[in-house]
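>>> no letters, just coordinates:
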């Protein structure tokens with residue numbers, strides 16, 4: 001799975017060793033070894049052991065270069081001005097690469113946080129729709145293992161349209177869906193207005209309940225309204 005990343009990392013290492021030996025330590029090209037930490041982007045945090053192996057390999061290459069690479073290099077060793085320009089460019093390039101990598105990592109983190117918040121909002125909305133408000137709050141808190149309640153008296157409403165199947169038989173599916181959507185929205189509005197909890201809908205069937213707060217009489221009145 002990581003053949004491409006490993007090949008790229010090894011090619012960069014060999015190329016870096018070649019340039020350090022060619023232009024010498026005075027060119028400061030060995031500073032690029034300090035970018036070894038960015039290899040984590042290639043391998044991923046979950047493959048940190050593989051990353052550590054190559055990170056250690058780069059660290060060894062840096063130590064070897066600092067101790068054994070020629071100072072002036074093997075290519076045009078007399079041109080110190082050229083090496084000074086290489087050193088300046090290497091410093092600026094290293095700063096730029098670190099900045100780009102950090103920007104990429106923080107951008108990816110920010111996008112992940114946004115996606116997580118959106119997913120959390122969808123989960124919250126789904127729980128609020130499926131569960132009664134009191135049960136939903138208890139479920140989201142995560143502090144209680146038992147989310148069910150015993151209620152001695154509860155009003156449960158079942159509503160169904162008589163003859164709906166026969167009436168909808170000769171109509172277009174879009175017309176039937178639009179009608180059911182309007183009906184369910186109207187019933188949801190009434191439930192919200194009178195404090196009734198919608199339980200579920202199946203086709204033209206609507207189920208709701210009230211009295212979860214223990215007020216049986218008030219729950220029956222709310223369901224009747």
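Thanks, I have the structure now. Worth saying up front: this structure is predicted, and the values here are computed from it rather than measured.

>>> ranges for the strands of the chain?
In the chain, the strands defined using DSSP state E lie at 155-159, 197-202, 205-210.

>>> I'd like the mean pLDDT over the last one, please.
Meaning strand 205-210. The average pLDDT within strand 205-210 is 89.

>>> and for the first one?
Per-residue pLDDT values across strand 155-159 average out to 90.

>>> got the contact list for it?
Applying Cβ atoms under 8 Å, 6 or more residues apart in numbering, the contact partners of strand 155-159 are 187, 196, 199, 205-211, 216, 219-220, 222-223. C-betas here are computed from N, CA, C, even on glycine.

>>> need the buried ones from the residues you listed selected in ChimeraX.
Listed next is the ChimeraX selection for buried residues among the contacts of strand 155-159, using 16 or more other Cβ atoms under 10 Å:
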select :187,196,199,206,208,209,210,211,219,220,222,223
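
>>> tell me the one among the contacts of strand 155-159 nearest to residue 72.
Of all the contacts of strand 155-159, residue 199 has the smallest distance to residue 72: 83.2 Å, by Cβ to Cβ.

>>> tell me the contacts of that closest one?
156, 207-209.

>>> please redo it, this time with the cut-off set to 7 Å
In this structure, residue 199 makes contact with 207-209, judged by Cβ atoms under 7 Å, 6 or more residues apart in numbering.

>>> what of residue 69?
Contacts of residue 69 (Cβ under 7 Å, 6+ apart): 20-21, 24-25.

>>> for it, grab phi and psi.
Dihedral pair for residue 69: phi -70, psi 140, per degrees, to the nearest 10.

>>> didn't residue 25 look like it was pressed against residue 68?
No - at 9.6 Å, residue 25 does not count as touching residue 68 under the criterion of Cβ atoms under 7 Å.

>>> picking up where we left off before, can you redo the strands of the chain as JSON lines with distance to residue 2?
What follows is the strands of the chain, written out as JSON lines (distance: least, Cβ to Cβ, whole Å):
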{"stretch": "strand 155-159", "distance to residue 2": "58"}
{"stretch": "strand 197-202", "distance to residue 2": "48"}
{"stretch": "strand 205-210", "distance to residue 2": "54"}
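
>>> rewinding a little: taking the contacts of residue 69 one by one, which sit in helices?
The subset of the contacts of residue 69 located in helices under the criterion DSSP state H comprises 20-21.

>>> returning to what we had before: between the contacts of strand 155-159, which is nearest residue 167?
So of the contacts of strand 155-159, ranked by how close each gets to residue 167 (Cβ to Cβ), first place is residue 205, at 14.8 Å.

>>> what's stretch 39-49 in contact with?
2, 5, 9, 50-51, 54-55, 101.

>>> which of the residues you listed has the weakest pLDDT?
Comparing the contacts of stretch 39-49 by pLDDT, residue 2 comes last, at 80.

>>> could you measure that one against residue 221, distance?
Distance check for residue 2 against residue 221: by Cβ to Cβ, to the nearest Å, it reads 67 Å.

>>> with residue 128 instead?
24 Å.

>>> equivalent analysis for residue 17, please.
84 Å.

>>> so for these two, which residue has more residues nearby?
Legend: neighbour count by other Cβ atoms under 10 Å for residue 17 and residue 221, higher for residue 17 (17 against 14).

>>> number of nearby residues for the closest residue to that one other than its chain neighbours?
Among residues not flanking residue 17 along the chain, residue 61 sits closest, at 6.1 Å (Cβ to Cβ, 6 or more residues apart in numbering). Residue 61 has 18 neighbours, counted by other Cβ under 10 Å.
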